[in-house]
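> Sequence and predicted structure, then a few things I'm wondering about:
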Amino acid sequence: ALAYMAAGMVGETVACVMVVPTENVKQKVQAGLYESTLSSLRSILSEEGFMGLYTGYMTTVLREVPFSIIQYPIWEALKHQLMAKRQSHELASWESGACGAAAGAIAATLTTPLDVVKTRLMLRSTDRSGVKYSGTFNTMARILHQDGALALFSGLAPRVQFNVLGGLVFFSVYERALKAIQSRTQR
């Protein structure tokens, strides 16, 4: 299990190298700070340099790694519980997807505070005093102090919905693809 966790951590960390710059550009367009992807990208590069694309990198890693560490074991545990309840060794792909949806909901809920912090850092937001957020833990502490704990769960419903749907589709397709590949290799 530790090898899987370690591999997952490395995979998420490396994936963030590609995801974070895209997320930075996208977030600024979505927030209405720029009219287009290109204008957002140009502005980040001219105002902050290349490393500006990586604003929020560590916070994103700190969100993604726990998300995976939470989601995958819960998905496996739910599948095993369902199979044990049925006294079966196999689930339909949609059942695996349902387990993934539930696991995604739990993981999304637990990691939403890090998502809120990541978003505020990427958008270069300021706190109620007009001071720009900086650093994961400093940002989280300032949100707690100024806005309260519930502010760390802003956007919880759409984040959970996104991950429920993503988990349902991903794990359903994953299970079906895995079964298809295994049946072909066993021939």
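Sure, I can see it.

> what about this protein, any weak spots by pLDDT?
Using pLDDT under 70 as the threshold, the predicted model of the chain has low-confidence ranges 1, 4.

> quick one, strands of it?
Secondary structure of the chain (DSSP state E): no strands present.

> so where do the helices sit in it?
Taking DSSP state H to define them, one finds helices in the chain at 2-30, 37-48, 57-86, 93-122, 136-147, 156-185.

> Out of these, flag the one nearest residue 128.
Proximity to residue 128 (Cβ to Cβ) singles out helix 136-147 among the helices of the chain, at 4.8 Å. In short, each C-beta sits where N, CA and C put it, glycine included.

> count of neighbours near residue 103?
Using other Cβ atoms under 10 Å, residue 103 is surrounded by 25 other residues.

> Surely it touches residue 68?
No: the pair formed by residue 103 and residue 68 falls short of the contact definition of Cβ atoms under 8 Å, at 10.3 Å.

> Just send the helices of the chain back as JSON lines, with distance to residue 128 too.
Written out in JSON lines, the entries for the helices of the chain read as follows (distance: least, Cβ to Cβ, whole Å):
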{"stretch": "helix 2-30", "distance to residue 128": "21"}
{"stretch": "helix 37-48", "distance to residue 128": "24"}
{"stretch": "helix 57-86", "distance to residue 128": "20"}
{"stretch": "helix 93-122", "distance to residue 128": "12"}
{"stretch": "helix 136-147", "distance to residue 128": "5"}
{"stretch": "helix 156-185", "distance to residue 128": "21"}
